[in-house]
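[1] Provide a 3D model corresponding to the input given below.
(one chain, ligands or ions: 2)
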Amino acid sequence: VSRPRVLSGIQPTAGSFHLGNYLGALRQWVALQDTHDAFYCVVDLHAITVEQDPKVLRQNTRVSAAQLLALGIDPDRSSLFVQSHVPEHAQLGWVMQCMTGFGEAGRMTQFKDKSARQEASVGVGLFTYPILQAADILLYQAHHVPVGEDQRQHLELTRDLAQRFNTRYGKTFRLPEPYIVKDTAKIYDLQDPTSKMSKSVPAGVVELLDDPKRSAKKIRSAVTDTGREIVYDPAAKAGVSNLLVIFSALTGRSVESLVADYDGKGYGDLKKDLGEVFTEFVTPVQARVAEYLDDTAELDKVLARGAERARSVASKTLARAYDRIGF
Ligand code: ADP
Ligand code: NA
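    Ligands and ions are numbered 1, 2, ... in the order given. Predicted coordinates:
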């Protein structure tokens, strides 16, 4: 029986992934390997929508791949690859650009947000980013794409483009479905628990590759309210609730059981224990990352194998699309 196929990608620009990336996305990537034929890519083509230093980009791409492996992506079960190693992404990306209306691309709200935040002049790549993302997905005839709220609009565009191509040229692409994975946690900033944890806010982010001592300290100094009671109430007690969600996600224990356990104890106890839980989780992950980065020849081999597997699928899809177009 063939499994449904899933495609997902992550940008290499940050170097270290953070706890939000892990609990909101990458943990689900690992779990999806049990049910899906998974294609996971480090999307370096997307990274250059903003200027990158070549040395840093190359290093961060390896560091990203090493983290995915260390977190549990199994290259024997899943196709793990770097986007630029599979030239079909850029090739189908061009085709899809030609299928997209200018106004249609302009309605992508992430472009509006991101371009508004860019200081320097905004490149066209930032504008066409969701179209390349559509190509990323359609190349693999993916059944499912794990999506958070912010990505829904992009998946809609992907489906529209696939439908449009199929109508114009004959059935070529599968229309992917959004895949809502359970146990996806939205993680909030430790210093401002009303906004989502993000690499762009260094004070409140917990990075997987940071010194665990520093991370534990960040957790101990997380912003909480002036009360004492440990209860789960995201509206009134955002900080404490965020810590409970993280604790629960990292240990598999329910929030209710944690609340019961911490009855009569203070925020300090919860934070100290969570710091230890995080350290226990991240220490072996860091050790595996270091191993992969210690032998980049071997890491590159793993990625070359992944790219080969990805290309064997992507090249077939592209050939069919090119043929239909009249190339
Ligand atoms: P983007 O900013 O383009 O969404 P990121 O690199 O920040 O991409 O995130 C990569 C993945 O991690 C995405 O799937 C995103 O939804 C998820 N993610 C990022 N931050 C959080 C967070 N604070 N909580 C949960 N998931 C998150
Ligand atoms: Na983000």
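[2] When you work out contacts or count neighbours from here on, use the C-alpha atoms and nothing else.
    Noted.
[3] Was I right to think Lys237 contacts Asp225?
    Yes: assessed by CA atoms under 8 Å, Lys237 is found in contact with Asp225 at 6.5 Å.
[4] Pick out whichever of these two has more residues nearby.
    Applying other CA atoms under 10 Å to Lys237 and Asp225 shows that Lys237 carries more neighbours, namely 19 against 13.
[5] what's that one in contact with, if anything?
    224-225, 231 (CA atoms under 8 Å, 6 or more residues apart in numbering).
[6] near ligand 1, from those?
    Checking those against ligand 1 by CA under 6 Å from any ligand atom, not one of them is in range.
[7] nearest to Thr279, of those?
    Nearest to Thr279 among the contacts of Lys237 is Thr224, at 20.7 Å by CA to CA.
[8] per-residue pLDDT, the closest one?
    We have a pLDDT of 95 for Thr224.
[9] and this protein, which residues reach ligand 1?
    Of all the residues in the chain, those lying near ligand 1 are 10-11, 20-21, 24-25, 148, 185-188, 196-198, going by CA under 6 Å from any ligand atom.
[10] Which of those residues fall within strands?
    Ile10 (DSSP state E).
[11] Now the buried members of the residues of the chain next to ligand 1.
    Buried subset of the residues of the chain next to ligand 1 (neighbour count, 16 or more other CA atoms under 10 Å): 10-11, 20-21, 24-25, 185-188, 196-198.
[12] Cross these against helices and list the overlap.
    If you go by DSSP state H, these have 20-21 in helices.
[13] what's the lowest-pLDDT member of the buried ones among the residues of the chain next to ligand 1?
    Among these, pLDDT bottoms out at Ala185, giving 86.
[14] ok so, going back, among the residues of the chain next to ligand 1, pick out the one closest to Thr49, please.
    Comparing these against Thr49 with CA to CA picks out Gln11 as the nearest, at 10.9 Å.
[15] that older thread, possible to save the contacts of Lys237 as TSV with secondary structure?
    Shown next, in TSV, are those (DSSP: H, G, I helix; E, B strand; the rest coil):
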residue	secondary structure
Thr224	coil
Asp225	coil
Val231	coil
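[16] Between these, which sits nearest ligand 1?
    For those, the residue nearest ligand 1 by CA to the nearest ligand atom is Thr224; the value is 17.2 Å.
[17] Which residue ranges of the stretch 1-150 of the chain form strands?
    Counting by DSSP state E, counting those that start in this stretch, the stretch 1-150 of the chain has these strands, from start to end: 5-10, 37-42, 79-82, 144-146.
[18] Tell me which of the ones you listed lies nearest to Gln91.
    Closest of the strands of the stretch 1-150 of the chain to Gln91 is strand 79-82, at 15.3 Å (criterion: CA to CA).
[19] Could you pull up the mean pLDDT of the closest one?
    Here the average pLDDT along strand 79-82 is 98.
[20] who touches that strand?
    With contacts defined as CA under 8 Å, 6+ apart, strand 79-82 is touched by 38-44, 61, 65, 73, 302-307, 309-310.
[21] Report how many residues lie close to Thr172.
    For Thr172, the tally of surrounding residues (other CA under 10 Å) stands at 19.
[22] which SS state does it fall under?
    Reduced to three states by three-state DSSP, Thr172 is coil.
[23] same check, this time on Leu244
    Per three-state DSSP, Leu244 ends up helix.
[24] which residues does the nearest residue to it once chain neighbours are set aside contact?
    Closest residue to Leu244 apart from its sequence neighbours, by CA to CA, 6 or more residues apart in numbering: Val255 at 6.1 Å. If a contact means CA under 8 Å, 6+ apart, then Val255 has 232, 244-245, 248 as its contacts.
[25] how about Val255, phi and psi?
    Dihedral pair for Val255: phi -60, psi -40, per degrees, to the nearest 10.
[26] just for the stretch 1-150 of the chain, where's the confidence low?
    Residue ranges of the stretch 1-150 of the chain with pLDDT under 70: 1, 119-120, 149.
[27] Apply 90 and report the result again.
    Filtered on pLDDT under 90, the stretch 1-150 of the chain yields the residue ranges 1-2, 13-14, 50, 106-124, 126-127, 147-150.
[28] which residues in it form helices?
    Using DSSP state H, counting those that start in this stretch, the helices of the stretch 1-150 of the chain run over 19-21, 27-32, 44-47, 54-71, 88-99, 102-106, 109-117, 124-138.
[29] list the buried ones in the fifth one?
    The reference is to helix 88-99. 88-90, 92-93, 95-97.
[30] I'd like the buried ones among the residues of the chain next to ligand 1 written out as TSV, with distance to Lys217 added.
    Converted to TSV, these look like this (distance: CA to CA, whole Å):
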residue	distance to Lys217
Ile10	28
Gln11	27
Gly20	18
Asn21	20
Gly24	22
Ala25	24
Ala185	22
Lys186	21
Ile187	18
Tyr188	17
Lys196	19
Met197	16
Ser198	18
